[in-house]
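S.K.: attaching a predicted model along with its sequence, questions to come.
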Amino acid sequence: MSHTYSDSKELYLGFDLSTQQLKIIVTNESLQVVKLYSVELDHFKDVYHVHKGVVSDETTGEIVSPVAMWLDAIDYVFAEMKADSFPFELVKGISGSAQQHGSVYWSQRASELLASLKPSTLLSEQLVDAFSYPMSPNWQDHSTGHELELFEQVAGGADELAKITGSRAHYRFTGLQIRKIATRKDPKIYASTSRISLVSSFVTSVLLGKIVNIEEADGCGMNLYNLNTNDYNDELLSLAAGVHPKVDKCSEEVTQAGIAELRRKLGPINPITYKADGVISSYFTEKYGFNSNCKIYSFTGDNLATIISLPLNPNDILVSLGTSTTVLLITKNYNPSSQYHLFKHPTIPEHYMGMICYCNGSLARERIRDAINDKYGVPDKKSWDKFNELLDGSKSFNNKLGVYFPLGEIVPNASAQFKRCLLNNNDQIIDASESNWTVDDDASSIVESQTLSCRLRTGPMLANSGDSESSTPTPLENHLHDIYKRTYEKFGDLYTDGKKQNYNSLTARPNNIFYVGGASNNTSIIRKMGSILGANNKNYKVEIPNACALGGAFKASWSLFCENKSELVDFNEYLNGKFNFNELEPFDVENSWEDYFTGAAMLAKMEDGLKHV
Ligand code: XUL
């Protein structure tokens with residue numbers, strides 16, 4: 001970090017309150033990072049008895065985080081900054097991100113206590129009575145199986161719920177967690193709760209000294225908010241509140257009163273905005289020396305903050321290659337599915353962030369690498385050299401494809417299994433035998449099938465790159481129609497996660513692709529992926545350390561810029577105008593997108609035959 005405070009006229013803070021850490025990144029007026037402060041939440045383990053930031057109960061699957069621990073983390077990091085002579089008075093704006101789906105239950109006294117914080121003692125000491133429940137359900141929680149069934153049943157199925165809220169029901173989603181507390185954990189907690197915040201709006205509230213409304217993008221992670229009408233869905237609210245007419249057998253009157261009560265507790269959700277929620281509370285100005293004009297802008301969810309750490313445009317994809325693979329993309333299409341998530345975009349109105357989470361990422365590839373290294377007696381067991389040599393040498397598509405799920409998979413929803421298939425000369429998909437498949441084939445096959453799965457699922461979300469408006473098709477469109485027709489003749493209708501693919505979804509291509517995370521350092525893997533995904537524009541490998549915190553800091557400085565102009569400035573134009581993202585070096589890939597049309601169809605058919613959980 002070559003930039004320092006002394007060069008800076010203005011500073012911005014980006015928080016990231018994740019499961020295990022609180023980080024605060026400091027950026028300057030040119031969006032350059034000048035410093036990073038952080039604390040591991042396990043630092044407070046003697047007080048809060050946490051392990052990796054959470055308290056888990058293996059018998060029930062309940063996973064929670066103590067809310068007071070987060071307050072201590074905020075005071076701790078600010079105290080560290082003070083000890084470091086951090087110039088708090090230069091901070092113009094603060095925003096940030098937090099783990100998604102977690103909820104905080106404020107007591108009836110919360111507002112009064114938040115408004116009267118004194119700098120002499122810690123937040124956690126003064127806010128002891130501010131919570132009706134001292135814990136926050138964590139996104140790793142698995143205790144809401146019963147609620148999960150009810151949410152999907154009431155909506156008329158997983159896909160129907162996804163149409164309304166952007167996602168099917170998930171254990172961790174806030175609406176289910178609220179119902180669990182209201183109906184089975186302890187109805188008294190629910191009754192005595194004055195307001196419910198998400199973790200993101202909780203941090204914003206603490207900094208402001210008043211409870212603020214939930215931010216719209218993060219609010220899409222509750223299974224309660226209707227993304228089509230931009231309002232809560234009353235039937236889902238009644239279920240979360242435990243007053244559903246059928247499930248809870250409540251009268252119309254009780255149901256309506258219960259819906260109104262939960263609406264009050266959650267507060268309204270306002271559309272995405274650059275406008276500040278207010279200025280920092282006197283607790284922070286007096287204790288740490290913040291300027292009383294320091295603006296607080298709504299925090300968002302961590303995945304949402306990640307996409308705003310780069311100037312990602314509609315149809316751009318970010319592929320995060322960690323233990324699991326996560327694909328984030330920006331789209332104007334609201335094309336929900338039970339197999340992925342759609343959230344409102346946190347800074348671009350009328351756009352969405354799509355998110356696909358795969359369980360089997362690096363771990364599955366490492367198993368193949370190990371088998372290859374065993375076969376060739378490679379002394380360094382963790383070396384990728386032989387795997388990469390085989391991958392680089394593989395032809396574009398050799399009619400062989402495998403499915404490699406050492407762990408049960410989320411998309412497609414399937415149990416742990418392996419499968420190797422061939423496309424024979426009669427275009428039939430048959431199981432491969434030992435004689436026509438060796439472990440060498442697995443190197444390309446695993447990268448191909450992981451990437452094709454992503455291609456099949458991003459296609460329906462991407463804006464239509466198929467037919468143009470004009471009635472006369474271009475030569476390219478004619479060509480694509482031919483390929484599509486040939487594929488249809490060979491394979492018939494193709495379905496992905498129960499939804500029929502069509503010409504547009506199969507021919508949609510991303511604009512730019514950004515690869516992040518551990519395995520993005522493996523050039524052979526990302527080149528292969530790029531050749532299959534077929535970006536219309538460029539492929540980049542990027543390193544964005546502390547992406548969620550950085551996205552938060554960018555949101556703060558963009559928001560202040562918009563406020564000063566009194567208009568919403570395009571977020572990416574703002575980022576590009578301030579920072580030379582063109583320094584990012586694109587890498588070249590072979591364009592084999594067309595050759596993999598058959599591969600995509602083959603995988604879609606193979607997925608039809610997978611064992612389910
Ligand atoms: C997203 C999710 C996790 C948490 C991690 O749906 O549950 O990514 O946001 O902090």
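M.R.: Everything's here; your move. All values reported here derive from a predicted model rather than from experimental measurement.

S.K.: so the closest residue to residue 596 other than its chain neighbours, which state does it fall into?
M.R.: In space, and not counting its chain neighbours, residue 596 is closest to residue 532: 4.9 Å by CB to CB, 6 or more residues apart in numbering. (C-beta placed from N, C-alpha, C; glycine too.) Secondary structure, DSSP: H, G, I helix; E, B strand; the rest coil: residue 532 is helix.

S.K.: wait, what's in contact with residue 532?
M.R.: Applying CB atoms under 8 Å, 6 or more residues apart in numbering to residue 532 gives the contacts 448, 451-452, 455, 592-593, 596, 599.

S.K.: equivalent analysis for residue 539, please.
M.R.: 512-513, 515, 526, 530, 586-589.

S.K.: looking at the stretch 451-600 of the chain, which residue is nearest the ligand?
M.R.: residue 548 (8.3 Å; CB to the nearest ligand atom).

S.K.: now do that residue, the pLDDT please.
M.R.: pLDDT for residue 548: 94.

S.K.: that one: neighbour count?
M.R.: Neighbourhood size, residue 548 [other CB atoms under 10 Å]: 28.

S.K.: closest point of the stretch 301-450 of the chain to the ligand, which residue?
M.R.: Proximity of the stretch 301-450 of the chain to the ligand (CB to the nearest ligand atom) peaks at residue 302, 4.7 Å away.

S.K.: can you pull the contacts of that residue?
M.R.: By CB under 8 Å, 6+ apart, the contact set of residue 302 is 16, 18, 97-100, 548.

S.K.: most widely separated two among the residues you listed?
M.R.: Spatial extent of the contacts of residue 302 (CB to CB) is set by the pair 16 and 100 at 12.1 Å.

S.K.: look at these two and report which has more neighbours.
M.R.: residue 16 (28 against 25).

S.K.: which SS class is that one?
M.R.: strand.

S.K.: distance-wise, check it relative to residue 304.
M.R.: Applying CB to CB, to the nearest Å, the value for residue 16 to residue 304 is 12 Å.

S.K.: so what sits against both of those two?
M.R.: residue 97.

S.K.: so what's the residue nearest the centre of the chain closest to, chain neighbours aside?
M.R.: Per CA atoms, centre = their mean, the C-alpha nearest to the average position across the chain is that of residue 303, at 3.3 Å. Take residue 303 and drop its neighbours on the chain: the residue closest to it by CB to CB, 6+ apart is residue 355, 5.8 Å away.

S.K.: I'd assumed the one you found was in a helix, is it?
M.R.: No: using three-state DSSP, the secondary structure at residue 355 is strand, not a helix.

S.K.: what residues are up against it?
M.R.: For residue 355, counting by CB under 8 Å, 6+ apart, the contacting residues are 303, 326-328, 340-343.

S.K.: which of those fall in helices?
M.R.: Taking DSSP state H as the definition of helices, the contacts of residue 355 contribute residue 303.

S.K.: distance to residue 7 and pLDDT added to the contacts of residue 355, as JSON lines?
M.R.: Converted to JSON lines, the contacts of residue 355 look like this (distance: CB to CB, whole Å; pLDDT from 0 to 100):
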{"residue": "303", "distance to residue 7": "32", "pLDDT": "95"}
{"residue": "326", "distance to residue 7": "35", "pLDDT": "95"}
{"residue": "327", "distance to residue 7": "37", "pLDDT": "97"}
{"residue": "328", "distance to residue 7": "33", "pLDDT": "97"}
{"residue": "340", "distance to residue 7": "43", "pLDDT": "94"}
{"residue": "341", "distance to residue 7": "40", "pLDDT": "97"}
{"residue": "342", "distance to residue 7": "41", "pLDDT": "98"}
{"residue": "343", "distance to residue 7": "36", "pLDDT": "98"}
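
S.K.: out of the contacts of residue 355, which are inside strands?
M.R.: Among the contacts of residue 355, the members found in strands (DSSP state E) are 326-328, 341-343.

S.K.: low-confidence ranges, this structure, go.
M.R.: Per-residue confidence for the chain (pLDDT under 70) gives these ranges: 1-3, 464-470, 581-582, 613.

S.K.: enumerate the residues of the stretch 501-613 of the chain near the ligand.
M.R.: Residues of the stretch 501-613 of the chain found near the ligand (CB under 6 Å from any ligand atom): none.

S.K.: for the stretch 501-613 of the chain, what spans make up the strands?
M.R.: All strands of the stretch 501-613 of the chain, identified by DSSP state E, counting those that start in this stretch, fall at 513-516, 539-541, 586-587.

S.K.: deepest of those strands, which one?
M.R.: strand 513-516 (a mean of 25; mean count of other CB atoms under 10 Å).

S.K.: for it, packing partners?
M.R.: With contacts taken as 3 or more CB pairs under 8 Å, 6 or more residues apart in numbering; DSSP states H and E, strand 513-516 sits against strand 317-321, helix 523-533, strand 539-541.

S.K.: what's in contact with that strand?
M.R.: 310, 312, 316-321, 526, 529-530, 533, 535, 538-544, 547.

S.K.: show me where the stretch 351-500 of the chain has helices.
M.R.: Using DSSP state H, counting those that start in this stretch, the helices of the stretch 351-500 of the chain run over residues 362-375, 385-393, 439-458, 475-491.

S.K.: in a markdown table, list those helices along with distance to residue 76 and mean neighbour count.
M.R.: Converted to a markdown table, these look like this (distance: least, CB to CB, whole Å; neighbours: other CB atoms under 10 Å):
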| stretch | distance to residue 76 | mean neighbour count |
| --- | --- | --- |
| helix 362-375 | 33 | 18 |
| helix 385-393 | 43 | 18 |
| helix 439-458 | 39 | 24 |
| helix 475-491 | 57 | 14 |
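
S.K.: JSON lines please, covering these and showing distance to residue 30.
M.R.: Conversion of the helices of the stretch 351-500 of the chain to JSON lines gives the following (distance: least, CB to CB, whole Å):
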{"stretch": "helix 362-375", "distance to residue 30": "35"}
{"stretch": "helix 385-393", "distance to residue 30": "38"}
{"stretch": "helix 439-458", "distance to residue 30": "33"}
{"stretch": "helix 475-491", "distance to residue 30": "41"}
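
S.K.: leaving out sequence neighbours, find the closest residue to residue 327.
M.R.: residue 356 (4.4 Å).

S.K.: correction: residue 215
M.R.: With CB to CB, 6+ apart as the criterion, residue 215 has its nearest non-adjacent residue at 4.1 Å, and that residue is residue 298.

S.K.: now the residue nearest to residue 250 when sequence neighbours are not counted, what's its secondary structure?
M.R.: Closest residue in space to residue 250, ignoring its immediate chain neighbours: residue 243 at 4.6 Å, by CB to CB, 6+ apart. The three-state assignment at residue 243 reads coil, by three-state DSSP.

S.K.: with residue 112 instead?
M.R.: helix.

S.K.: can you tell me what sits against stretch 366-378?
M.R.: Residues outside stretch 366-378 that contact it (CB under 8 Å, 6+ apart) are 380-387, 390, 404, 406, 439-440, 442-443, 446.

S.K.: enumerate the residues of the stretch 301-450 of the chain near the ligand.
M.R.: Neighbours of the ligand within the stretch 301-450 of the chain, by CB under 6 Å from any ligand atom: 301-303.

S.K.: one step back: from the ligand, how far out is the residue nearest to residue 250?
M.R.: 27 Å (CB to the nearest ligand atom, to the nearest Å).

S.K.: burial count for that residue?
M.R.: 24.

S.K.: what separates it from residue 75, distance-wise?
M.R.: 39 Å.

S.K.: check residue 433 too.
M.R.: Going from residue 433 to residue 75 by CB to CB gives 64 Å.

S.K.: one more: residue 376?
M.R.: From residue 376 to residue 75 the distance is 55 Å (CB to CB).

S.K.: so for those two, which residue has more residues nearby?
M.R.: residue 75 (19 against 14).
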